[in-house]
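A.B. asks: here's my sequence, what's the structure:
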Amino acid sequence: MNRTPTLDDWILAGIAVGAGLLAAFLSRTLLRWLAKHAKRTRWSGDDMIVDALRTVVPWALLAGGAAAAAAVLPLTRTVQHHTNEALQVLLIFAVTTSAARVISGLVQALTQSRSGVAGSATIFVNITRVVVLAIGGLVMLQTLGISIAPLLTALGVGGLAVALALQDTLANLFAGIHILASKTVQPGDYIRLSSSEEGYVEDINWRQTTVRQLSNNLVIIPNGKLAGTNMTNFSRPEQRLTVLVPVGVGYDSDLEHVERVTSEVVADVMTEIAGALPDHEPAVRFHTFGDSRIDFTVILGVGEFSDQYRIKHEFVKRLHRRFREEGIRIPAPQRTVALSQGTVSIPQQRQTEENDEVPLARGE
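C.D. replies: Residues are numbered from 1 along each chain as shown. Here you go, the predicted structure:
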């Protein structure tokens, strides 16, 4: 059209824009009401979807009103075409960003529910967000009339050079994906590496794994190193585990009496100490005739790895007290020094085992 816009054209265009604004306002009010009801549900996905719609729907309505106003005005074909393209790009951008936020949020919620711990595997979240944004960017380029085939070809050729330059980074990326996909390690697990690093897995991202030690320090481990080292996972196949506590009593002790007293102490600890397993059956196993004592092992059940220190601490205290009350002797190492005229013989130790020391029991 080449004619000059009249007053009626401007009025109709204003009505179209106003209708878009009114519809956008009403939609935000409705979606705000839906968001309040979505928060009452247990599933977090509906909150993310409603939050995304609160961004997309108003922008879509505004773009629709602007497109209607552009159609009413007597614009030239070129101006009309560019206007429609700009509105389409704006709408695609709003949809892409909202979709990236929703999909990455759903992926994060899924990884948290699978691991059962507060920690999150951000590697999947970041990959998902990048993929969605990349697809949206390609759609916007196609909308603007830019052919994406040469671009994809150039990216493919350039990707080879980038892959060679980023070998370590890509190795860590795929190692992290492999670790999570194989479910050998998940956020929240307690692990110990052959290189002595140990702690709770806080997060696994595109490059590294963050491990929080019991001292509350963070250890950063590259995914490639984590995938290529010997590792013990104390949280799989389940978090519950058993702890062995070595103990020894004198040869003059009544072993039936010792076993009964020890089992009673184990039962008390399992029911009264937080982190213990109340259904754990007391287990006392005699196994060695030592130089000055009979050695046995007490098996305790704990809910997860870090509980063992508190439970062993309380068990040793209570067992020591009960042994004193019951008159059960705990042998101590003895040395005999023989003196002769003009010479002193070398002291001989009766007890030669490395573990036969003064303490009643020592942890693993």
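
A.B. asks: Pro278 and Pro237: what is the separation?
C.D. replies: To Pro237, Pro278 is 21 Å away according to CB to CB, to the nearest Å. In this view, the C-beta of every residue, glycine as well, is placed from N, C-alpha and C.

A.B. asks: who's more crowded, these two?
C.D. replies: Neighbours of Pro278 and Pro237, each counted by other CB atoms under 10 Å, are more numerous for Pro278; the result is 10 against 6.

A.B. asks: and the more buried one, that one's in a strand?
C.D. replies: No - assessed with DSSP: H, G, I helix; E, B strand; the rest coil, Pro278 is coil; it does not lie in a strand.

A.B. asks: that one contacts Met270, correct?
C.D. replies: Yes - counting by CB atoms under 8 Å, Pro278 does reach Met270; the two are 5.7 Å apart.

A.B. asks: helices of the protein, start to end?
C.D. replies: Ranges of helices in the chain, per DSSP state H, are 7-38, 45-72, 77-115, 122-143, 149-165, 167-182, 223-227, 255-272, 307-326.

A.B. asks: what's the most buried one of the ones you listed?
C.D. replies: Mean neighbour count (mean count of other CB atoms under 10 Å) peaks for helix 223-227 among these, with a mean of 21.

A.B. asks: gap between it and the chain center?
C.D. replies: 16 Å (CA atoms, centre = their mean, to the nearest Å).

A.B. asks: same question for stretch 22-38.
C.D. replies: Centroid displacement of stretch 22-38 relative to its chain, using CA atoms, centre = their mean, is 34 Å.

A.B. asks: one more: stretch 227-245?
C.D. replies: For stretch 227-245, the distance to the chain centre is 16 Å (CA atoms, centre = their mean).

A.B. asks: can you count the residues close to Val245?
C.D. replies: 22.

A.B. asks: likewise for Phe289?
C.D. replies: 9.

A.B. asks: so who does it touch?
C.D. replies: Listed by CB atoms under 8 Å, 6 or more residues apart in numbering, the contact set of Phe289 reads Asp295.

A.B. asks: per-residue pLDDT, it?
C.D. replies: In this model, Phe289 is scored at 92, pLDDT.

A.B. asks: beta-bridge partners for it, please?
C.D. replies: Taking DSSP bridges as the rule, Phe289 bridges to Ile294.

A.B. asks: from Ala70, how far out is it?
C.D. replies: Distance, Phe289 to Ala70, using CB to CB: 97 Å.

A.B. asks: ok, the closest residue to Phe25 other than its chain neighbours - contacts?
C.D. replies: Of all residues not flanking Phe25 in the chain, Pro58 sits nearest, at 7.8 Å (CB to CB, 6 or more residues apart in numbering). The contact partners of Pro58, taken as CB under 8 Å, 6+ apart, are Ala24, Phe25, Ser27, Arg28.
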